[in-house]
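1. sequence? don't have it. structure:
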């Protein structure tokens with residue numbers, strides 16, 4: 001049984017930082033592209049960042065580029081999202097996701113095979 005469990009969300013003031021963690025179990029973690037998505041109230045789920053299964057290449061949405069950093073630790077089956085210079089518009093539920101596709105890293109959420117339950121991030125102005 002595959003499980004992705006996010007942690008690290010919370011309330012922070014604008015300009016602050018948070019580090020999200022996602023613990024994965026029940027899958028061959030190093031074979032999966034891992035990603036973070038987010039969904040704000042009344043909005044569709046959107047891609048935030050991804051790290052590829054091989055080479056650890058990273059990909060970011062333009063809205064977070066330069067502020068967020070995704071990383072993975074295959075020895076611990078963990079993926080992280082370091083979020084700096086947070087803005088009120090970053091407020092959302094953040095989800096960890098895993099994709100078994102080997103050929104490309106996709107930003108399309110429907111391609112991802114497994115999802116966590118989400119963790120709330122709230123940025124106050």
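-> On my side now, so go ahead. Keep in mind that this is a model prediction, so the values were computed, not measured. Numbering: from 1, shown residues only.
2. could you check the distance from the most centrally placed residue in the chain over to residue 125?
-> Among the residues of the chain, the one closest to the centroid is residue 36, at 1.9 Å (Cα atoms, centre = their mean). Distance of residue 36 to residue 125, given as Cβ to Cβ, to the nearest Å: 23 Å. Every residue, glycine included, has its C-beta placed from N, CA and C.
3. Just give me the neighbour total for the nearest residue to residue 39 once chain neighbours are set aside.
-> Sequence neighbours aside, residue 45 is the residue nearest to residue 39 in space, at 4.2 Å (criterion: Cβ to Cβ, 6 or more residues apart in numbering). The number of residues packed around residue 45, counting by other Cβ atoms under 10 Å, is 17.
4. Contacts only, for residue 45.
-> By Cβ atoms under 8 Å, 6 or more residues apart in numbering, the contact list for residue 45 reads 37-39, 95, 109.
5. If we use 10 Å, what do you get?
-> Residues in contact with residue 45, defined by Cβ atoms under 10 Å, 6 or more residues apart in numbering, are 37-39, 92-93, 95, 97, 109-110, 115, 118.
6. And residue 32, by the same measure?
-> 2, 4, 24, 51-53, 72, 74, 77, 79, 97-102, 112-114.
7. hmm, back to that, pairing partners for the residue nearest to the centre of the chain in the sheet, please.
-> residue 49, residue 96 (DSSP bridges).
8. Touching, it and residue 18? I think so.
-> No: Residue 36 is not in contact with residue 18 according to Cβ atoms under 10 Å; the separation is 12.0 Å.
9. Mind listing the shared neighbours of those two?
-> Both residue 36 and residue 18 are contacted by 68, 81, 83, 94, under the criterion Cβ under 10 Å, 6+ apart.
10. Next, count neighbours for the first one.
-> Same thing as residue 68. Per other Cβ under 10 Å, the neighbour tally for residue 68 reads 22.
11. Leaving aside the residues adjacent along the chain, what's closest to it?
-> residue 83 (5.1 Å).
12. again with the second one
-> Nearest residue to residue 81, sequence neighbours excluded (Cβ to Cβ, 6+ apart): residue 20, at 4.2 Å.
13. where's the nearest residue to residue 113 once chain neighbours are set aside relative to residue 47, distance?
-> Spatially, and ignoring its direct neighbours in sequence, residue 113 is nearest to residue 100 (5.3 Å; Cβ to Cβ, 6+ apart). Separation of residue 100 from residue 47 (Cβ to Cβ) stands at 17 Å.
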